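Engineer: Next one to model:
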Amino acid sequence: MATPVTTTIHTSKATDMFDDFLVRAILAGIGVSLAAAPLGCFVVWRRMAYFGDATAHAAILGVAFSLAFGISIFVGTLAVALAMAITVTTLAGRGYAMDTLLGVLAHSALAFGLVAVSLQHGIRIDPMSYLFGDILAVSKSDLVVIWIGVIGVILLVIWRWQGLLTSTLNPDLAYASGIDPKREQLVLTIGLAVVVAVAIKVVGALLIGALLVIPAASARAVTKSPEAMAVGAAIIGAASACGGLWMSYTMDTPAGPSIVCVAAVFFAASNLVARIALTR
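Structural biologist: Residues are numbered from 1 along each chain as shown. You can find the predicted model right below:
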């Protein structure tokens, strides 16, 4: 008869742990970092930093649609982010300059999204929480959605890793190996859309691009292989999330920007270490 009591006590302790907002925030930050890290590596290798920003900015429009139609924020942001990413990918090959196209679409989507959110009557929302994130307000249900998305992205990247890597480094070799670079681009697009959808609650639309690029760029300076860079980016991203939350908790600073600040410190430190190593 003692076993059920023990099980109940352990279950209760686990439930109490998830009742702590800081624990939920840490788990959410680590989860998003793990999903963003490998995709961030491809964003850096393909020089697509602005592509990530455009997809993230479109998520605000997804928030407006979600509120208007009464659907999940995750579903709305995922749908709009995916639509934006596919639109950019399609138009980029039809004579449009990529930087101009991304600039127009990114800022237009953000502006339309903010206007649409402001027109939602009878619904109390804080637009700043979607722009800069509100990781400390992550609920248990948010945590479940985030980790389902994270696991999905990680499995997708593992499944398509070789194809993504080959088409990124050498498209001609990819064609010769029977790999379609356009298909791999679509896989990357889907992965980025999912990351944007799960990360908007954590760091917000304006900072998602930073979480994609900075850890990957930091790892690039101190690693020698693509796989090591992806793992290094995940570690740096997770450390940035934990460090940013500690900074926010102790110094009463905004959590999302604090995470990016810590990531920027890691970037400076990793490049400094790389330069010192080269001089020896």
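
Engineer: quick one, helices of the chain?
Structural biologist: 2-19, 21-45, 49-69, 73-92, 98-118, 127-132, 140-169, 171-176, 181-199, 208-222, 226-251, 255-279 (DSSP state H).

Engineer: tally of neighbours for the closest residue to residue 152 other than its chain neighbours?
Structural biologist: Using C-beta to C-beta, 6 or more residues apart in numbering and skipping residues adjacent in sequence, the residue nearest residue 152 is residue 194, 6.3 Å away. Just so you know, the C-beta spots here come from the backbone N, C-alpha and C atoms, and that holds for glycine as well. If you count neighbours by other C-beta atoms under 10 Å, residue 194 ends up with 23.

Engineer: I'd like to know how far residue 194 sits from residue 223.
Structural biologist: Per C-beta to C-beta, to the nearest Å, residue 194 is found 25 Å from residue 223.

Engineer: now swap in residue 149 and tell me
Structural biologist: Noted for residue 149: a distance of 26 Å to residue 223, by C-beta to C-beta.

Engineer: Can you list the low-confidence ranges for the stretch 101-250 of the chain?
Structural biologist: Applying pLDDT under 70 to the stretch 101-250 of the chain flags the ranges 122-127.

Engineer: returning to that earlier point: could you single out the most deeply buried of the helices of the chain?
Structural biologist: A comparison of those by mean neighbour count, using mean count of other C-beta atoms under 10 Å, puts helix 208-222 on top with a mean of 26.

Engineer: what's the spacing between that helix and its chain's center?
Structural biologist: 11 Å (C-alpha atoms, centre = their mean, to the nearest Å).

Engineer: Counting by contacts, list what that helix packs against.
Structural biologist: Judged by 3 or more C-beta pairs under 8 Å, 6 or more residues apart in numbering; DSSP states H and E, the packing partners of helix 208-222 are helix 21-45, helix 49-69, helix 181-199, helix 226-251, helix 255-279.

Engineer: And those helices: which comes nearest residue 77?
Structural biologist: The closest of these to residue 77 is helix 49-69. By C-beta to C-beta, the value is 3.6 Å.

Engineer: Would you mind writing the CA trace of the closest one as CSV?
Structural biologist: The C-alpha trace of helix 49-69 is given here as CSV (Å, rounded to 0.1, in the frame of the first residue of the first chain):
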residue,chain,number,x,y,z
ALA,A,49,19.2,36.5,-41.7
TYR,A,50,16.6,39.0,-43.1
PHE,A,51,14.5,36.0,-44.3
GLY,A,52,14.1,35.0,-40.7
ASP,A,53,13.1,38.5,-39.7
ALA,A,54,10.5,38.7,-42.4
THR,A,55,8.9,35.4,-41.3
ALA,A,56,9.0,36.5,-37.7
HIS,A,57,7.4,39.9,-38.4
ALA,A,58,4.6,38.3,-40.3
ALA,A,59,3.7,36.4,-37.1
ILE,A,60,2.1,39.5,-35.7
LEU,A,61,-0.4,39.4,-38.5
GLY,A,62,-1.0,35.8,-37.5
VAL,A,63,-1.7,36.9,-34.0
ALA,A,64,-4.4,39.3,-35.3
PHE,A,65,-6.0,36.6,-37.4
SER,A,66,-6.0,34.2,-34.4
LEU,A,67,-7.8,36.8,-32.2
ALA,A,68,-10.3,37.7,-35.0
PHE,A,69,-11.3,34.1,-35.7
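
Engineer: What angle do helix 98-118 and that helix make with each other?
Structural biologist: 20 degrees (axes from the mean of the first three to the mean of the last three C-alpha atoms, to 10 degrees).

Engineer: you'd agree residue 35 is up against residue 198?
Structural biologist: Yes - here residue 35 lies in contact with residue 198, judged by C-beta atoms under 8 Å, at a distance of 6.8 Å.

Engineer: circling back to that earlier point, of all the helices and strands packed on helix 208-222, which lies closest to residue 117?
Structural biologist: It is, among those and with distance given as C-beta to C-beta, helix 49-69, at 4.8 Å.

Engineer: What helices and strands are in contact with that closest one?
Structural biologist: Checking 3+ C-beta pairs under 8 Å, 6+ apart, helix 49-69 ends up next to helix 21-45, helix 73-92, helix 98-118, helix 127-132, helix 181-199, helix 208-222.

Engineer: Find the nearest non-adjacent residue to residue 173, please.
Structural biologist: residue 166 is the one closest to residue 173 (C-beta to C-beta, 6+ apart), at 6.0 Å.

Engineer: Residue 262 now?
Structural biologist: residue 243 (3.9 Å).
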